[in-house]
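Peer 1: sequence plus predicted model, see below.
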Amino acid sequence: MDVLLIHLLNSLLYASVLFLIAGGLSLIYGVMRIVNLAHGNLYAFGAYVTAWAVGSVAAGASVPVWLVLLPAGALAAAMLGAILEPTLLRPFYRRAEEYQLLCTFGLLMILEDVLRFIWGPYPLSASTLFESFGSLSVGESIYPTYNFLVIGVGAAAAVFLWAFIYRTKFGVVLRATSQNMRMAAALGVNVNRVYIQAFTLGCFMAGLGGAIIVPSQSAVLGMGVDALVLAFIVVVIGGLGSLEGALVGALIVGFVREAGITWFAEIELAVLYLIAALVLLVRPAGLFGRP
Amino acid sequence: MSVPAPAPRPAAPNSRPLRIAVPIAVLLALVPLVLPPYSAILLAYGLVMAIGALGFNLLLGYTGLLSFGHSAYFGVGAYAVALMVKYLKITSMELFLVGAVVASVLITALFGVVCVRYTRIFFGILTLALSQVLWSLAFKFFWVTGGTDGLRVPTPSLFGGLVTGAGDKIAFMSHAYYYYVLIMFCACVALMWVIVNSPFGMALQAIRDNETRAEFVGVRIWRYRWVAFLVSGVFTGLAGALWVPLNGLTTPDIMHWTFSGEIVFMTVLGGFRSFAGPIIGAVVFNYLKTYAVGYTVYWQLLLGAVLVALVLSLPTGIVGTASRLVARFQGRS
């Protein structure tokens, strides 16, 4: 029983981080119709910035300081996004999808090496924060307390995002632009501003995902590319452009991954991709996507 | 798929392509005699990649489908050879090629059935996801595939055992194997030229330019796309099989989706709107990557910047830009 509970918690832990990454990817696609291949690198960027802030800059400080520094990665990723959208992505909205994908693929290569240039090829860790939380006993097993924080942040992000999109004026504008960009522009929406806001928000989520997970696992090169592929599976299952889909997809992928690591480690990734392919065959637009 | 740029129509079958192709083939044949072995081997890599990119471009340039999973078929070709060496102790290059073609026909036929039902972004994501399935299998089943260590492939024997790689490996690779690659390259280019200028190739271009009209004319879109997918994957698989002896080793890296990205990169670099674009793009990309890797550890940054600059300012690639410049020059004189 306890073992099952631990598995459940681990699944939720994966799902939280995956939701943050895939939710951002999906939000950006939903509003801007761009699949950002460099999205995983923004997640990695968030992880590196937080690991650097907590693990190196403020290494001697105490837990409250570290907690304040935790969102630094998310803010840095958001700032990076706010710079990238108008400079690199805006020229591509009127052009064929191939060019958008290629541009973001180029961005992926650039960002991968920017991380290597700034922080070097070695893993960067912020494990002091993770360790300072200690662990809780769950039945007869113990479980790191920090992981509850990650799950909490993931859940809070989902609730905030839902409220933001469905209960605020900005959310209305965002959804209007997503449904019909021309009509929204005709009604006086500043589409350029909505795009930059949506992209920044998406990058913020990816950066937050990296920032909260980095104390429990180090920031390494290549983590962005790996995360992107998992995020792809999530959005394919849930439906590109749908936040509910990202949430359900993240939960499915979280559970399957945890089950996979425990029982069928060799084909864990293959099973995930096959699930994604099956969903696409049965429901081409994903479980929650608009056809 | 609607693409605004007007596509240059392939010229009617005449002697002009041959007048360009034959001198180039002769020049390529002279390379091992004139240049040092390293240059010949480097060019052999470029020619192998050109076969792969040529296959890839049948989908992107002629059918209008952007695949982000062609690393899978390249990898299938390479691993088919490596597994034939490991389990069947085969050393004949001809058997390797047959095995790679059979393996890539099987895999692309299966993947194609799934993928060609979609176009645009979903086609890209689906091909990417399926290629990652193969990558994860190659990565995880280390007792079969060697995992990240990969599988070694010794020097093969060519032309049914007439030429063997006994002795100096570098001399073999830069001469005998170079000519082998060159012959395969010329054959593949000629075959692809015939394919894209056949009624089948014309039907693909009709589907690319206007799916609905093509369907009204009576083109069976689904089946044509599937065959195009098959042919495209087999060309890339063949490239993988030719690549393995050259490299001596196959690792899961060549199945990873970032390698698919490189295939897309080289095709766009050359220009996917022309027949010769992917060939030139692949050879240039091969030099570009080799020198970038040798020059700096931040080669990805360099190549990424080149890619972004390319799609921003020269979307028609090397061939498109060159022919525009030539046209302007001729217009002036």
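Peer 2: All right, it came through fine.
Peer 1: which parts of the stretch 51-200 of chain A are helices?
Peer 2: A:63-69, A:72-84, A:97-119, A:127-132, A:145-167, A:169-179, A:181-186, A:191-213 (DSSP state H, counting those that start in this stretch).
Peer 1: identify whichever of these lies nearest to A:Ile28.
Peer 2: A:Ile28 lies closest to helix A:191-213 among the helices of the stretch 51-200 of chain A, at 4.0 Å (CB to CB). C-beta coordinates here come from the backbone N, C-alpha and C atoms, glycine included.
Peer 1: what angle separates the closest one from helix A:169-179?
Peer 2: Angle of helix A:191-213 versus helix A:169-179, following axes from the mean of the first three to the mean of the last three CA atoms, to 10 degrees, is 110 degrees.
Peer 1: state the mean pLDDT of helix A:191-213.
Peer 2: Averaged over helix A:191-213, pLDDT sits at 90.
Peer 1: what's the answer for stretch A:102-119, then?
Peer 2: Stretch A:102-119 comes out at a mean pLDDT of 88.
Peer 1: list the buried residues for it?
Peer 2: The neighbour-count check on stretch A:102-119 (16 or more other CB atoms under 10 Å in any protein chain shown) flags A:102-116, A:119 as buried.
Peer 1: which other residues reach that stretch?
Peer 2: With CB atoms under 8 Å, 6 or more residues apart in numbering or on different chains as the test, stretch A:102-119 has contacts from A:34-38, A:40-42, A:44-45, A:48, A:52, A:84, A:88-89, A:92, A:219, A:221-222, A:224-225, A:228, B:261, B:264-265, B:268, B:297-301, B:303-308, B:311-312.
Peer 1: just checking, B:Leu97 touches B:Gly240?
Peer 2: No: look at B:Leu97 against B:Gly240 with CB atoms under 8 Å: they stay out of range, at 10.6 Å.
Peer 1: more crowded one of those two?
Peer 2: B:Gly240 (30 against 20; other CB atoms under 10 Å in any protein chain shown).
Peer 1: which ones are touching the more buried one?
Peer 2: Applying CB under 8 Å, 6+ apart, the residues near B:Gly240 are B:52, B:73-81, B:100, B:104, B:254.
Peer 1: apply 10 Å and report the result again.
Peer 2: Contacts here follow CB atoms under 10 Å, 6 or more residues apart in numbering or on different chains; on that basis B:Gly240 touches B:48, B:51-52, B:70-82, B:100, B:103-104, B:250, B:254-255.
Peer 1: what's around residue 187, how many residues?
Peer 2: Looking at chain A here, since you left the chain open. That count, for A:Leu187 with other CB under 10 Å as the rule, works out to 10.
Peer 1: actually it's chain B I care about, not the one you picked
Peer 2: 12.
Peer 1: what of A:Pro64?
Peer 2: With other CB under 10 Å as criterion, A:Pro64 counts 8.
Peer 1: roughly how far apart are it and A:Gln217?
Peer 2: 23 Å (CB to CB, to the nearest Å).
Peer 1: and if you look at B:Leu303?
Peer 2: 29 Å.
Peer 1: which of those two has more neighbours?
Peer 2: B:Leu303 (22 against 16).
Peer 1: which ones are touching that one?
Peer 2: B:Leu303 touches A:106, A:109-110, A:113, B:262, B:265, B:269, B:285, B:288-289, B:292-293, counting by CB under 10 Å, 6+ apart.
Peer 1: of those residues, closest to B:Phe142?
Peer 2: Among the contacts of B:Leu303, and counting by CB to CB, the member closest to B:Phe142 is B:Glu262, at 24.5 Å.
Peer 1: look up the closest residue to the closest one, ignoring the ones flanking it.
Peer 2: Spatially, and ignoring its direct neighbours in sequence, B:Glu262 is nearest to B:Phe285 (7.3 Å; CB to CB, 6 or more residues apart in numbering or on different chains).
Peer 1: and for that neighbour, the neighbour number?
Peer 2: For B:Phe285, using other CB under 10 Å, the count is 27.
Peer 1: quick one: which helix or strand includes it?
Peer 2: Element membership of B:Phe285, judged by DSSP states H and E, is helix B:277-295.
Peer 1: quick one: buried residues of that helix?
Peer 2: Neighbour count says helix B:277-295 has B:277-286, B:288-289, B:292 buried, by 16+ other CB under 10 Å.
Peer 1: reformat those residues as a markdown table; add pLDDT.
Peer 2: Listed next are the buried residues of helix B:277-295 as a markdown table, based on pLDDT from 0 to 100:
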| residue | pLDDT |
| --- | --- |
| B:Gly277 | 86 |
| B:Pro278 | 90 |
| B:Ile279 | 90 |
| B:Ile280 | 88 |
| B:Gly281 | 89 |
| B:Ala282 | 90 |
| B:Val283 | 89 |
| B:Val284 | 88 |
| B:Phe285 | 88 |
| B:Asn286 | 89 |
| B:Leu288 | 86 |
| B:Lys289 | 86 |
| B:Ala292 | 83 |
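Peer 1: just to revisit the earlier point, just name the most buried of the helices of the stretch 51-200 of chain A.
Peer 2: Burial of these is given as mean neighbour count (mean count of other CB atoms under 10 Å in any protein chain shown); helix A:191-213 ranks first at a mean of 26.
Peer 1: dump that one to PDB, keeping only the CA atoms.
Peer 2: Output of helix A:191-213 as PDB, limited to C-alpha atoms (Å, rounded to 0.1, in the frame of the first residue of the first chain):
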ATOM      1  CA  VAL A 191      -2.200  41.200 -31.500                       C
ATOM      2  CA  ASN A 192       1.500  41.800 -31.300                       C
ATOM      3  CA  ARG A 193       1.200  42.600 -27.600                       C
ATOM      4  CA  VAL A 194      -1.000  39.500 -27.000                       C
ATOM      5  CA  TYR A 195       1.600  37.400 -28.700                       C
ATOM      6  CA  ILE A 196       4.500  38.700 -26.700                       C
ATOM      7  CA  GLN A 197       2.500  38.200 -23.500                       C
ATOM      8  CA  ALA A 198       1.500  34.700 -24.400                       C
ATOM      9  CA  PHE A 199       5.000  33.700 -25.300                       C
ATOM     10  CA  THR A 200       6.400  35.300 -22.200                       C
ATOM     11  CA  LEU A 201       3.800  33.500 -20.000                       C
ATOM     12  CA  GLY A 202       4.600  30.200 -21.800                       C
ATOM     13  CA  CYS A 203       8.300  30.700 -21.200                       C
ATOM     14  CA  PHE A 204       7.700  31.600 -17.600                       C
ATOM     15  CA  MET A 205       5.900  28.300 -17.000                       C
ATOM     16  CA  ALA A 206       8.700  26.300 -18.600                       C
ATOM     17  CA  GLY A 207      11.300  28.200 -16.500                       C
ATOM     18  CA  LEU A 208       9.200  27.600 -13.400                       C
ATOM     19  CA  GLY A 209       9.200  23.900 -14.200                       C
ATOM     20  CA  GLY A 210      13.000  23.900 -14.400                       C
ATOM     21  CA  ALA A 211      13.400  26.100 -11.300                       C
ATOM     22  CA  ILE A 212      11.300  23.900  -9.000                       C
ATOM     23  CA  ILE A 213      12.700  20.600 -10.100                       C
END
